[in-house]
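Asker: Predicted model and sequence below, questions to follow.
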Amino acid sequence: MSNQIETLVEVQLTHRNRTTVFWRGILVAPACVFLASFAQLVHAGWSTPVLVIPTALALIVREVYPSYLLTFNHAVMELSTRISAYALLLTDDYPSIERNPNIAVLFPDVEGGKKLNRWLPIVKWFLAIPLYLVGIVYIVLSAVLTFYAWIVTSATGTYPESVAKIVLGTIEYWNRVYGYSVALVTDEYPSFSI
């Protein structure tokens, strides 16, 4: 089994609500504001609402990943995934602020930080630069394909399966990258593939 974050999204391909698909950009705004409020509270102005600095310090100094930080980081990443899946038209389920059984992010077992290298958090952000560059290409591709899917789904009520694979793959890719370089839940370098 891989020591990476796993992302599970039950993609809804058929029988879509064409009205909510058409107005998706407006409908998702309140959920995005809610998620952004965490970013403002945690890292004034930084767009990643995951608690990075306290996690890195706890790992480096004490070799411990505090359970409350792990729980918070996990909850925020799941919320972000629910919002992304809704915004990118993968599902018609409005992103709940509570858990959704159809969308989950599974963290590897870190055993309180004992499985993690205590010095790696210092350089993970640097090692992840190539991952970020490839991820930007995936984001652009997913944005173009989502626009295409928006037109098709608004007209027919069916989301193209080929687009779903790439868009979902992009979400999975970014969750693995965040798990490695931001949430610090794995030391295994993520794959470049979606």
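Answerer: Happy to help now that I have it.

Asker: Compute the distance from the centre of the lowest-mean-pLDDT helix or strand in the chain to the centre of its chain.
Answerer: Lowest on mean pLDDT, DSSP states H and E among the helices and strands of the chain sits helix 29-42, with a mean of 78. Chain-centre distance of helix 29-42: 14 Å, with Cα atoms, centre = their mean, to the nearest Å.

Asker: One more: stretch 166-182?
Answerer: Chain-centre distance of stretch 166-182: 6 Å, with Cα atoms, centre = their mean.

Asker: pLDDT averaged over it - what is it?
Answerer: Throughout stretch 166-182, pLDDT has a mean value of 95.

Asker: same thing with stretch 61-80?
Answerer: Across stretch 61-80, the average pLDDT comes to 91.

Asker: quick check, residue 159 in a helix?
Answerer: No: assessed by DSSP: H, G, I helix; E, B strand; the rest coil, residue 159 does not belong to a helix; its assignment is coil.

Asker: Need phi/psi at it.
Answerer: Dihedral angles of residue 159 (phi, psi; degrees, to the nearest 10) stand at phi -90, psi 130.

Asker: tally of neighbours for residue 96?
Answerer: 12 (other Cβ atoms under 10 Å). Bear in mind the C-beta positions are built from the backbone N, C-alpha and C, glycine included.

Asker: How about the contacts made by it?
Answerer: Each residue near residue 96 by Cβ atoms under 8 Å, 6 or more residues apart in numbering is listed here: residue 82.

Asker: Spell out the secondary structure type for it.
Answerer: Assigned state for residue 96: coil (three-state reduction, three-state DSSP).

Asker: what's the spacing between it and residue 69?
Answerer: Distance from residue 96 to residue 69, counting by Cβ to Cβ, to the nearest Å: 23 Å.

Asker: Also residue 8?
Answerer: As for residue 8, its distance to residue 69 is 23 Å (criterion: Cβ to Cβ).

Asker: can I get the CA coordinates of the least confident helix or strand of the chain in CSV?
Answerer: What follows is the C-alpha trace of helix 29-42 in CSV, where atoms were taken according to Å, rounded to 0.1, in the frame of the first residue of the first chain:
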residue,chain,number,x,y,z
ALA,A,29,-19.0,31.2,-3.6
PRO,A,30,-20.3,30.9,0.0
ALA,A,31,-18.4,27.6,0.5
CYS,A,32,-15.2,29.2,-0.9
VAL,A,33,-15.6,32.2,1.5
PHE,A,34,-16.0,29.8,4.4
LEU,A,35,-12.8,27.9,3.4
ALA,A,36,-10.9,31.2,2.8
SER,A,37,-11.9,32.3,6.3
PHE,A,38,-9.6,29.5,7.7
ALA,A,39,-6.8,30.8,5.5
GLN,A,40,-7.2,34.3,7.0
LEU,A,41,-7.3,32.9,10.5
VAL,A,42,-4.3,30.6,10.1
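
Asker: outside of the following helix or strand past it, which residues touch it?
Answerer: Under the assignment DSSP states H and E, the closest C-terminal helix or strand after helix 29-42 is helix 53-57. Helix 53-57 is contacted by residues 65, 66, 69, 73, 121, 122, 183, 184 when judged by Cβ under 8 Å, 6+ apart.
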